[in-house]
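Enquirer: sequence and computational prediction follow.
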Amino acid sequence: MSKMTLQTEGDTHVVVTRRFAAPPEAVYRAHTDPKLVQKWMLGPEGWTMPVCISEAKPGGKIRYEWSNGKGGGFHLTGEYLELEPYSRLVHVERMHLPDTTPDNHVETRFDADGTGTLMTLRMTLPDAQTRAAMLATGMERGMEASYVRLEGMI
Amino acid sequence: MYLYKIHLMSAVSNLDAAFSALADPTRRAILARLAKGEATVMELAAPFEMTQPAISQHLKVLEDAGLVVRRVDGTKRPRRLAKAGVVAMDQWLAMLRKGLEKSYDRLDEVLVSMEKQKRGDKQ
């Protein structure tokens, strides 16, 4: 439905925006309640999240484990820094691929937009090199999805 | 316009080589660096903690795939992104977008079911 935007900003930021047809409270809960996060934060087709820990309080732990069902997987760990229900979340996260990536500092805003929500996710990476590597890693997962689609066509 | 078409056609004919060249994270990072402007092998090697011969090897793969071109400047051979390199990077970024878009499309469905549940609880 609503179009997502993804843009780099300066040398170290990545900004993603997306509109949702639900109030900020619901979108906020879907980002913090582990039972809900587990249902959607899966990236390309074919991935699941067997482990999802999200302690939504300052200093609370985050741990997402993804699996492709074929023995492949990776995980993310992080901590919540600031929580302002239901308008703003600040957390830090890192991927384990299995090498640990540098910390990604993420601020997520949920602003009322008519009857819906405008979500703005702003990532801050330590340096330009890390940002390039992060985008490149995400691209790798996207590539896998395109292979899966290709398999479906054959 | 005609020149642009020739560029586009040569970019497409190199697509297979381009995609296998992009399969390596170091090479994608090199392209990302060159997207910001021309650089010498020494400048490219610095942030990667790799030797210059190792970087040269990656550059050769990128050049053979038509993604990177070199210029002669005295004894230096600065590299820059070729048109096909720009096209290839755009395609990779489009794939990253797709993964994220897929997640948010699922979130739309989760939000719909949350709303249904809420209504159900009230009844």
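Expert: Thanks, I have the structure now.
Enquirer: in chain A, which strand is the longest?
Expert: Ranked by residue count under DSSP state E, the longest strand found in chain A is strand A:73-84.
Enquirer: for the very next helix or strand once past it, enumerate the helices and strands it packs against.
Expert: Next helix or strand after strand A:73-84 toward the C-terminus (DSSP states H and E): strand A:88-96. Judged by 3 or more C-beta pairs under 8 Å, 6 or more residues apart in numbering or on different chains; DSSP states H and E, strand A:88-96 is in contact with helix A:24-32, strand A:73-84, strand A:104-113. For the C-beta atoms, the positions are set from N, CA and C on the backbone; glycine is no exception.
Enquirer: what does strand A:88-96 contact?
Expert: Surrounding strand A:88-96, the residues in contact under the criterion C-beta atoms under 8 Å, 6 or more residues apart in numbering or on different chains are A:28, A:31-32, A:62, A:74-83, A:100-110, A:137.
Enquirer: of those, just the buried ones, PyMOL syntax please.
Expert: Buried residues within the contacts of strand A:88-96, by 16 or more other C-beta atoms under 10 Å in any protein chain shown, are selected in PyMOL with:
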select buried, chain A and resi 28+31+32+62+74+75+76+77+78+80+83+101+104+105+106+107+108+109+110+137
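Enquirer: save the helices and strands packed on strand A:88-96 as CSV, and put in distance to A:L6 too.
Expert: Compiled in CSV, the helices and strands packed on strand A:88-96 are given as follows (distance: least, C-beta to C-beta, whole Å):
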stretch, distance to A:L6
helix A:24-32, 17
strand A:73-84, 18
strand A:104-113, 14
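Enquirer: the spatially closest residue to A:A30 that is not a sequence neighbour in helix, strand or coil?
Expert: By the measure of C-beta to C-beta, 6 or more residues apart in numbering or on different chains, the closest residue to A:A30 outside its immediate chain neighbours is A:L36, 4.6 Å from it. For A:L36, the secondary structure call by DSSP: H, G, I helix; E, B strand; the rest coil comes out as helix.
Enquirer: so who does the most centrally placed residue in chain A touch?
Expert: By C-alpha atoms, centre = their mean, the mean C-alpha position of chain A lies nearest to A:M41, the distance being 6.6 Å. Residues counted as contacts of A:M41 (C-beta under 8 Å, 6+ apart) are A:49, A:64, B:103, B:107.
Enquirer: cool, A:R19 as well?
Expert: A:2-3, A:113, A:116-119.
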